[in-house]
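Chemist: got a predicted structure here, sequence first:
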Amino acid sequence: MPSRPGESAVPSRSTPPPRPAARSYDGEGIVVGFDARRCLHAAECVRGLPAVFEVGRRPWILPDNAPADEVADVIQRCPSGALQYHRTDGMPDEVPDVPTHVSLHADGVLHLRGDLEVATPYGPHHETRVMLCGCGATGNTPYCDHSGPCAGHG
């Protein structure tokens, strides 16, 4: 029961649930971040550096199994932005594409690369690579999660 006027015993639907934290994996000269809710399984990582990215292993990301430059190069191939990195060796973090590139795929998924600010229920997020939902069926607004008509996209 509310204790003061204006309070409600029911949680507000306008307040989003806490954003799930991305996991981080520390390596020599690089920290790799992974947000599982954004991963759409393009597999650029496992094809690019299988010694670093192996889904059957725990932890599945071992950044020290390749030079930091190679890890960064492969992470930049991740179209969804589920993989991110931060350099701790004095080298620069990912530089956004200039100009920004936007492509609309037949299934409605929007691929964007560049210096992006994405409005989310948790506030704005600075991004360099994203796949945004174009069908409106995502459970991870505004990011595509392949829960709608775009599920067949590879």
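Modeler: Thanks, I have the structure now.
Chemist: surely Arg47 is in a helix?
Modeler: Yes - counting by DSSP: H, G, I helix; E, B strand; the rest coil, Arg47 is located in a helix.
Chemist: distance of it from Val74?
Modeler: 9 Å (C-beta to C-beta, to the nearest Å). (Glycine included, C-beta is placed from N, CA and C.)
Chemist: and those two? which has more neighbours close in?
Modeler: The neighbour count for Arg47 versus Val74, taken as other C-beta atoms under 10 Å, is higher for Val74 (21 against 11).
Chemist: looking at this, that one is in a helix?
Modeler: Yes - assessed with three-state DSSP, Val74 lies in a helix.
Chemist: who's in contact with it?
Modeler: Counting by C-beta atoms under 8 Å, 6 or more residues apart in numbering, Val74 touches Glu44, Cys45, Gly48, Leu49, Val52, Phe53.
Chemist: strands of this structure, residue ranges please.
Modeler: 23-27, 30-34, 83-87, 101-104, 110-120, 123-132 (DSSP state E).
Chemist: got TSV for those, with mean neighbour count and mean pLDDT too?
Modeler: Output for those, formatted as TSV (neighbours: other C-beta atoms under 10 Å; pLDDT from 0 to 100):
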stretch	mean neighbour count	mean pLDDT
strand 23-27	16	97
strand 30-34	20	98
strand 83-87	20	97
strand 101-104	11	96
strand 110-120	15	96
strand 123-132	17	95
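Chemist: so Ala22 versus Pro96, what's the distance?
Modeler: Taking C-beta to C-beta, one finds Ala22 at 19 Å from Pro96.
Chemist: hang on, Val32 packs against Ala22?
Modeler: No - the criterion here is C-beta atoms under 8 Å, and Val32 misses it with Ala22 at 9.7 Å.
Chemist: now do the shared contacts for the two.
Modeler: Counting by C-beta under 8 Å, 6+ apart, the residues touching both Val32 and Ala22 are Gln84.
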